[in-house]
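[1] Got a sequence here, can you build the structure:
(one chain, ligands or ions: 1)
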Amino acid sequence: MSQKTEVLPSHRFTKSWPVDFRFMGSPTCDPIGYADGNLGNNGVTNLSSPERNGDSGGKVVERVENGVADTEQANEDSPYSWNVLLVENRPSVGDEDLDSAAAPLPSVSKSNIGHRWSDITSYATKKKVQCWFQRPNGNWELGRVISTSGTESVISLPDGKVLKVNSDSLIPANPDILDGVDDLMQLSYLNEPSVLFNLQYRYKQDMIYTKAGPVLVAINPFKKVPLYGNDYIEAYKNKSIESPHVYAIADTAIREMTRDEVNQSIIISGESGAGKTETAKIAMQYLAVLGGGSGIEYEILKTNPILEAFGNAKTLRNDNSSRFGKLIEIHFSETGKISGAKIQTFLLEKSRVVQCAEGERSYHIFYQLCAGAPRALREKLNLKDVDEYKYLKQSNCYSITGVNDAEHFHIVKEALDIVHVSKEDQESVFAMLAAVLWLGNVSFTIIDNENHVEAVQDESLINVAKLIGCDAADLNLALSTRKMRVGSDNIVQKLTLSQAIETRDALAKSIYAGLFEWLVEQINKSLAVGKRLTGRSISILDIYGFESFDRNSFEQFCINYANERLQQHFNRHLFKLEQEEYIQDGIDWAKVDFDDNQDCLHLFEKKPLGLLSLLNEESTFPNGTDYTFANKLKQHLNSNHCFKGEREKAFSVSHFAGEVTYDTTGFLEKNRDLLHLDSIQLLSSCSCHLPKAFASNMLNQSETPVVGPLHKAGGADSQKLSVVTKFKGQLFQLMQRLESTTPHFIRCIKPNNFQSPGSYEQGLVLQQLRCCGVLEVVRISRSGYPTRMPHQKFAKRLGFLRIHEIVHCMAFYVFKAALEDTELAVTLRSFKEALPPYNHLSEEIKPGKNMLSYCRDIELLLLYKSRLKA
Ligand SMILES: Nc1ncnc2c1ncn2[C@@H]1O[C@H](COP(=O)(O)OP(=O)(O)OP(=O)(O)O)[C@@H](O)[C@H]1O
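    This is a model prediction of the structure:
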């Protein structure tokens, strides 16, 4: 299946950019001079213009000045404050060689970022080759240079038109032979139109995976593609297929884990709906087959339908959107067999249980239960149809096209059996779900002229009480009153309607969140690594993707913050550490610029005047409101270039993936996440074991802010952790954990916003490629060294090579390039670049400062050496 470029027919796509669309940093022809079809003298339309918007003549790379202070602080505000220690853990770096910490890179100059996209060369025009020409509407077309004179070129377009344009406005296109290459690194010219074309070329042929140097780019096909299953797994295992694939990434992770004895991680990122969860499942499938045998792998795979049922929901972006983050750590024995697994989840979107936008759904499991519960269970839980529950009714969306909820219910039940959740426990789980649904139907009646209420004694209240195992009267009291202490007296305060509704919803959210946590705990018990823990593991991270809706609330704020942290991890590994190492080692290195999101992270995390600190501060004030919070942000952060105060209670943040405007309504309440002690006491007094367990978890976990008689209603207890504080802590821990692994990055890309197969919107794809810096990664990889090992090991392995052998090897490169018909100019450049590091191999081995050695292609050298011998 290895995709060979020569078998692919050469074709070009018709581009359809938005009218006002422009490639960042790319040149454009002067729209005024454009007169399509209106040929001037000599039949040539004159489009020459001295003015242009971009600057394709700028240098791609910039020389590195001295390492000066990095923007990242090595203190408690950064998960990387233990940098030195963890760099030692990097597999390619020998422990004995790390006697100095990596020097920070100079901070990134944003002004240079505009130059990064184009391979700047006049080669294309000189050699009359193909080039990309941008129409005034933003579309790129493939042209061929007919002649060049001074600053002008005459080009012909596929439709036969001939145009005179400014030579600088042309972007070189790759020769046909490179159409649809497996790895963007193979492109002779690395620029936006070429990359987009390459990805689209492959996507059209269901080749949804492409390498971008070390990163796997996965474009969501939104349909079944024939790339998976046992035959493919076998082929990747035997290396009879070399096309980029999630299987190949998983295979590399297994091999590197075994070879280097270092834990691995597969970090999957991308926007909501880009395909992260599916990709994670595909990776798990591969690991399960390769490391299977004990049966535990089957259990691991069966956690997916359970977690998706309880933690995924239909959103406007994705019919199966994960509303929680997940890290699954799969442990292997010394013989490479799976010995167990552990799942860690992050911040479930609780608010969805009680509130959900038009056209979206609550968690799948509610609909599955209502549709699939057998009659006996329905009767026991007094279950109704979905449209009879207020929590499900509010969004006016009950089903998902092509999804059978009843069928899924059976799949979930079967999966629960497999992970050893007993039948009795399963029934209790379903009872909790029904209790949440019935709680939403509990209504209140006003009992005095102060707007105080009590719960209506109807079937909803009675059902909830029955399902959780308490008295209806006690439930009523917990929902409509609050015990307070005033001075030395205990008093009972009646609640107003809005307070009672808040209390009811808080109870529903807590029961659901408690249930989710409990389930993960049960799953972990079943997959427990315990004694079987060997220390070798592969972790797969699938965290909710970046979100930007018309209205963005606290949930998007947290999700996007998590994505910023993840992006920093990506940047750190693929841009910062890589380049720092070269500089430390005295390698002659020209720095590749990238968009650093450190400023945005500072906006969130800075103490005391960052978004999280200010939110926490306001949350502890009993009189704090969303208004006072928004005003506080505007007062303190207006000078921050990543922040913008908006009208009324809103503010905007410039995220790495785009600007998002947040509406602060509900921020304080969600951050406090208060559950009154009366509600917890009610749960502990229940006769059913699950509510009891939830209550005891809540009391044990200091992070659940509890408002009891000692606390005034409103402000959160400052002793307890707020939601964002807990979340930040979890993210820091996650980053530290990931930092001790060898990372493998997969970037999922959403080709359209309609979840529709076959449609590839270039503008949308480009925006995602830009914000995750895919092209910059390729540039670094192309100019960097893929193989890096401690100098002693390197010398032991390759020290026997002599310089003339190395020169032979270089000649082989030239020969290989000639065979592949790549441009000689490029080949010669790589030849020149490749030679100096090989000098390290000669008799007098010269280690760099860190005593690391770099090599472009050790395997190729060895192969060549063995050929020489033969
Ligand atoms: N490799 C694939 N093959 C077929 N369909 C896919 C593939 N990847 C994704 N999809 C389709 O895209 C949908 C969305 O993918 P997925 O749920 O994995 O996105 P996500 O990035 O995890 O989104 P979120 O951040 O919202 O959870 C899937 O439900 C599936 O229909």
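[2] and Ser395, what does it touch?
    Under the criterion of C-beta atoms under 8 Å, 6 or more residues apart in numbering, the neighbours of Ser395 are 356-362. In short, each C-beta sits where N, CA and C put it, glycine included.
[3] can we see that at 6 Å?
    By C-beta atoms under 6 Å, 6 or more residues apart in numbering, Ser395 lies in contact with 356, 358, 360.
[4] and the ligand, which of those reach it?
    Counting by C-beta under 6 Å from any ligand atom, nothing from those sits close to the ligand.
[5] Skip the chain neighbours and tell me the closest residue to the closest residue to the ligand within the stretch 401-550 of the chain.
    Taking C-beta to the nearest ligand atom as the measure, the stretch 401-550 of the chain has Gly545 as its residue closest to the ligand, at 3.4 Å. Closest residue to Gly545 apart from its sequence neighbours, by C-beta to C-beta, 6 or more residues apart in numbering: Ser272 at 4.1 Å.
[6] Buried ones in the helix or strand that Val145 is a member of, by neighbour count?
    In this structure, Val145 sits in strand 140-149 according to DSSP states H and E. By neighbour count on 16 or more other C-beta atoms under 10 Å, the buried set for strand 140-149 is 140-145, 148.
[7] Over to stretch 292-307?
    Applying a neighbour-count criterion of 16+ other C-beta under 10 Å, the buried positions in stretch 292-307 are 296-297, 299-307.
[8] Dump these into a markdown table; add secondary structure, pLDDT and distance to Leu515 as well.
    Putting the buried residues of stretch 292-307 into a markdown table (DSSP: H, G, I helix; E, B strand; the rest coil; pLDDT from 0 to 100; distance: C-beta to C-beta, whole Å) gives the following:
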| residue | secondary structure | pLDDT | distance to Leu515 |
| --- | --- | --- | --- |
| Ile296 | helix | 92 | 24 |
| Glu297 | helix | 94 | 26 |
| Glu299 | helix | 95 | 20 |
| Ile300 | helix | 96 | 21 |
| Leu301 | helix | 96 | 22 |
| Lys302 | helix | 96 | 18 |
| Thr303 | helix | 97 | 16 |
| Asn304 | helix | 97 | 18 |
| Pro305 | helix | 98 | 16 |
| Ile306 | helix | 98 | 12 |
| Leu307 | helix | 98 | 12 |
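[9] What about Ala693, how many residues nearby?
    When neighbours are defined as other C-beta atoms under 10 Å, Ala693 has 19 of them.
[10] measure the closest residue to Lys350 other than its chain neighbours to Asp206 for me?
    Counting by C-beta to C-beta, 6+ apart, Lys509 is the residue found nearest to Lys350 once chain neighbours are left out, at 4.3 Å. For Lys509, the distance to Asp206 under the criterion C-beta to C-beta, to the nearest Å works out to 42 Å.
[11] higher neighbour count, those two?
    More neighbours surround Lys509 than the other of Lys509 and Asp206, with 23 against 14 (other C-beta under 10 Å).
[12] So Pro79 lies in a strand, does it not?
    No. With DSSP: H, G, I helix; E, B strand; the rest coil as the criterion, Pro79 is assigned coil and is not in a strand.
[13] wait, doesn't Ile155 sit right on Thr148?
    No. Here Ile155 lies out of contact with Thr148, judged by C-beta atoms under 6 Å, at a distance of 9.5 Å.
[14] who are the neighbours in contact with the nearest residue to Pro221 once chain neighbours are set aside?
    The spatial neighbour of Pro221 that comes closest, neighbours along the chain excluded (C-beta to C-beta, 6+ apart), is Ile208 at 5.1 Å. Ile208 makes contact with 218-219, 221 under the criterion C-beta under 6 Å, 6+ apart.
[15] Return the residues of the chain in contact with the ligand.
    The interface of the chain toward the ligand, taken as C-beta under 6 Å from any ligand atom, is made up of 220-222, 224-225, 270, 272-278, 318-322, 544-545, 748.
[16] Buried members of the residues you listed into ChimeraX, please.
    A single ChimeraX command selects the buried members of the residues of the chain next to the ligand (16+ other C-beta under 10 Å):
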select :220,221,222,270,272,273,274,275,276,277,278,318,319,320,321,322,544,545,748
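[17] Mind checking which of the residues of the chain next to the ligand land in strands?
    When these are checked against strands (DSSP state E), the matches are 321-322, 748.
[18] Now render those residues as CSV, adding pLDDT.
    Compiled in CSV, these are given as follows (pLDDT from 0 to 100):
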residue, pLDDT
Ser321, 95
Ser322, 95
Cys748, 97
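[19] Return the closest of those residues with respect to Asp673.
    Asp673 has its nearest neighbour among those in Ser322, at 20.2 Å by C-beta to C-beta.
[20] pretty sure the closest one contacts Asn312?
    Yes. With contacts counted by C-beta under 6 Å, Ser322 reaches Asn312, the gap being 5.3 Å.
[21] where does the stretch 501-650 of the chain dip in pLDDT?
    Across the stretch 501-650 of the chain, the ranges flagged by pLDDT under 70 are 529-534, 585-589.
[22] Isn't Ala218 up against Tyr209?
    Yes. In this structure Ala218 lies within contact range of Tyr209 using C-beta under 6 Å: 5.5 Å.
[23] Dump the buried residues of stretch 292-307 into TSV; add distance to Ile462 as well.
    Converted to TSV, the buried residues of stretch 292-307 look like this (distance: C-beta to C-beta, whole Å):
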residue	distance to Ile462
Ile296	43
Glu297	45
Glu299	38
Ile300	41
Leu301	40
Lys302	36
Thr303	35
Asn304	36
Pro305	33
Ile306	30
Leu307	32
